[in-house]
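Participant: Starting from these lines, generate the structure:
(2 chains)
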Number of protein chains: 2
Amino acid sequence: MTLDFEIKNKDSNSLAREGLIDIDGKKIDTPIFMPVGTQATVKALRPEDLKACGASIILANTYHLYLRPGSELIANAGGLHDFMNWDRLILTDSGGFQVFSLSDLNEIKEEGVYFQSHLDGSKHFISPEKSIQIQKDLGADIIMAFDECAPYPADKNYVKESLERTLRWAERCKEEMVGVKDQQLFGIVQGGTYPELRKISARETIKLGFPGYAIGGLSVGEETELMHKMLEVTVPELPESKPRYLMGVGTPEDLIEGVRRGIDMFDCVMPTRIARHGSIYTSQGRITIRNASFSEDFSSPDPECNCYVCRNYSKAYIRHLLNRNEILGVILTSYHNIFFLLDLMAKIRKSINGDYFSDFADKFYSNYLD
Amino acid sequence: MTLDFEIKNKDSNSLAREGLIDIDGKKIDTPIFMPVGTQATVKALRPEDLKACGASIILANTYHLYLRPGSELIANAGGLHDFMNWDRLILTDSGGFQVFSLSDLNEIKEEGVYFQSHLDGSKHFISPEKSIQIQKDLGADIIMAFDECAPYPADKNYVKESLERTLRWAERCKEEMVGVKDQQLFGIVQGGTYPELRKISARETIKLGFPGYAIGGLSVGEETELMHKMLEVTVPELPESKPRYLMGVGTPEDLIEGVRRGIDMFDCVMPTRIARHGSIYTSQGRITIRNASFSEDFSSPDPECNCYVCRNYSKAYIRHLLNRNEILGVILTSYHNIFFLLDLMAKIRKSINGDYFSDFADKFYSNYLD
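Facilitator: You can find the predicted model right below:
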């Protein structure tokens, strides 16, 4: 099983590109947004919903699934695909990000990370080898190297040490993958907000050789301009012929700006998270549907959207459901937000195909008031 | 618009009957279970799910919708059907039961009931006329007379006074319906657990004349045998030619025993309520899927069930979802439980049609260990 990546079209005015990832016949049109199914479920949605929204690949979180229900249990279920009833592609992260951001009292050593579960305080150790073993149990199609996501802001010396350790860990992850044929391991570029460290990390990660490259450690609190700058220094270092994945990003604007700077893959919990708080993306911008102003608004959530939710329900009804804590409210806002981002990516692909990406972006921004 | 009721088949060994209610071309095969959509949503499910489960009619609660979002708002939305995107039949209760069971400081007068909202303590008054006006705003196909559901246990004198007031209220409800052509008003038999009061209530309610009759005030804490006895004294008083609706009931056993005693319609919040607590009905009895014994049980929730949930998900996965408070867990258990009861009713109808209802019931009980 290999990962083939074909670049189908390039934008004349930016680094945006339209492509096709093919993993053993399962395909991803890029640029793509990957809905996040943290605990083996994209919150509030069913696999059929994700398919109806056009999802070709979803993400699941190694850290969470390792703790509960346990990666062995999922292996016994036949892997994540069988466990969660999803027959399209899955990507798992390495667990690194959550180990650093969620767990208590983590201690980083050369051999790996010692930490306590955020659920019950139990003690655990994840090394590069362990992360790969867990991800083998989970059985996702694309898996990620175990990296350290340095905090922001962080001292330059620390970030340098950290990215060098991440490189050594990446090499150990590659070694742990020897003989594995049905999973594709992506490397991760770190380097904080330091351009030269980003370049070093990119060059050294590429030397190790991966079928795809992720950019980690962004959208962690830094200014948007700084994120854009990091993309601008990092992406040109990455091989043209491999997919580029910007981890944990983002908003509709982030997706457009990432594509403009040459990114092919994105994931983010935001669409389902804001949905649970009653906010939805619309062609006119993000709105909070809980607001009293929508109490007698019987129009569809986004008049320009053609999703299941917008075809069948009004803002007033969804507001009523959310205010009464009815589960259907969250189902509908989650569904719409996932559709919105996947539909945005489909429109972006079309605009690259037709070489009018910049015009598309301008037009999107002129309507979208955030 | 009229309600036509045709009895298609009768069981030889009991009062069970198979029938067809036709309201202006919208049909209900009876006996039927009506899923409860308290706040204009059957909790955790979509209209398409209810249809896939075979629901032909659902119930909504006047008291809740009157308080939030308000019956005028729903009238402005075009009525409940449009508001909640449900184009099949709807029945609304009168609000009486919730006024007595949920609200604070209610005061019963001849003119109606004064009460405080359970949500915010605001003061309200519902009379028979007001209940009908609210139900007109909601626009359900079948609506209910405003009654008092006497508490259990209750003094016989009190129950007698109460049922007499309920009769006077029923008459006022009928008067309020003069000229209404698109809604069917059902009368409600009360009388507590006193056989002669049940008979009086039935006879006097019938004298007023309704297109269908409900039996209220049961399954409110009394022993199952007492409920059966009340059905046995009440049903024979009711006209053969009109549908009989046992309100707020019930469990799979209650449905079978109600049908045996001549009931055509049921509703109950239990299937979705126990689903939210992780319990499901199965052909082998009710199970709590949260239990540790199911942690590595990769079999379907009910091996004899062919619903969407049982075809696609394992007990272990649903348990994982419930334990992690993932919304999909509640969606799946709710879906299965609604399917289970509607499927049970379909099997009951088939057994009456084939004149083997008692055998069907015996076989059901022999597998179903509660």
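Participant: burial count for A:K109?
Facilitator: 10 (other C-beta atoms under 10 Å in any protein chain shown). Yep, even glycine has a C-beta here, placed from its N, CA and C like the rest.
Participant: Look up how far chain B lies from it.
Facilitator: 30 Å (C-beta to the nearest C-beta, to the nearest Å).
Participant: residue contacts, the residue of chain A positioned farthest from its centre?
Facilitator: Distance from the centre of chain A peaks at A:E296, with 35.8 Å (C-alpha atoms, centre = their mean). Under the criterion of C-beta atoms under 8 Å, 6 or more residues apart in numbering or on different chains, the neighbours of A:E296 are A:316, B:73, B:76.
Participant: cool, A:Q183 as well?
Facilitator: If you count contacts by C-beta under 8 Å, 6+ apart, then A:Q183 has A:1, A:135-136, A:139-143, A:177 around it.
Participant: Which pair in the residues you listed has the greatest spatial separation?
Facilitator: Spatial extent of those (C-beta to C-beta) is set by the pair A:M1 and A:Q135 at 15.1 Å.
Participant: Going by neighbour count, list what's buried in stretch A:24-35.
Facilitator: A:28-35 (16 or more other C-beta atoms under 10 Å in any protein chain shown).
Participant: for stretch A:286-297, same thing?
Facilitator: A:286-287, A:289-290, A:294, A:296-297.
Participant: Model confidence at A:P151, what's the number?
Facilitator: Per-residue confidence (pLDDT) for A:P151: 89.
Participant: hang on, it is in a helix, isn't it?
Facilitator: No - with DSSP: H, G, I helix; E, B strand; the rest coil as the criterion, A:P151 is located in coil rather than a helix.
Participant: Partner strands of the helix-or-strand element of chain A with minimal mean pLDDT, with direction?
Facilitator: When the helices and strands of chain A are scored by mean pLDDT, DSSP states H and E, strand A:104-108 comes last with a mean of 83. In the sheet containing strand A:104-108, its partner strands are strand A:113-116 (antiparallel), by DSSP bridges.
Participant: how about the helix or strand that the strand it pairs with is followed by: buried residues?
Facilitator: Downstream of strand A:113-116, the next assigned helix or strand under DSSP states H and E is strand A:123-126. Burial within strand A:123-126, assessed by neighbour count using 16+ other C-beta under 10 Å, is assigned to A:124, A:126.
Participant: dump the residue contacts of A:L208.
Facilitator: With C-beta under 8 Å, 6+ apart, A:L208 has these contacts: A:167, A:170-171, A:174, A:187.
Participant: Just the ones in strands from those residues, please.
Facilitator: Taking DSSP state E as the definition of strands, the contacts of A:L208 contribute A:G187.
Participant: Of the contacts of A:L208 - the most surrounded one?
Facilitator: The contacts of A:L208, ranked by neighbours (other C-beta under 10 Å): first place A:G187, 29 neighbours.
Participant: Now do it against A:T30, distance only.
Facilitator: For A:G187, the distance to A:T30 equals 18 Å [C-beta to C-beta, to the nearest Å].
Participant: picking up where we left off before, cross the contacts of A:L208 against helices and list the overlap.
Facilitator: A:167, A:170-171, A:174 (DSSP state H).
Participant: would JSON lines of those with pLDDT and distance to chain B be doable?
Facilitator: Shown next, in JSON lines, are the ones in helices among the contacts of A:L208 (pLDDT from 0 to 100; distance: C-beta to the nearest C-beta, whole Å):
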{"residue": "A:L167", "pLDDT": "98", "distance to chain B": "34"}
{"residue": "A:A170", "pLDDT": "98", "distance to chain B": "30"}
{"residue": "A:E171", "pLDDT": "98", "distance to chain B": "34"}
{"residue": "A:K174", "pLDDT": "98", "distance to chain B": "31"}
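Participant: Could you find which two of those are furthest from each other?
Facilitator: The widest separation within the ones in helices among the contacts of A:L208 (C-beta to C-beta) is 10.8 Å, between A:L167 and A:K174.
Participant: three-state assignment of A:I28?
Facilitator: Quick answer, by three-state DSSP: A:I28 is strand.
Participant: Local confidence estimate at the closest residue to it other than its chain neighbours?
Facilitator: Nearest residue to A:I28, sequence neighbours excluded (C-beta to C-beta, 6 or more residues apart in numbering or on different chains): A:I21, at 4.2 Å. On pLDDT, A:I21 comes in at 98.
Participant: quick one: what helix or strand has A:I21 in it?
Facilitator: Judged by DSSP H and E, A:I21 forms part of strand A:17-23.
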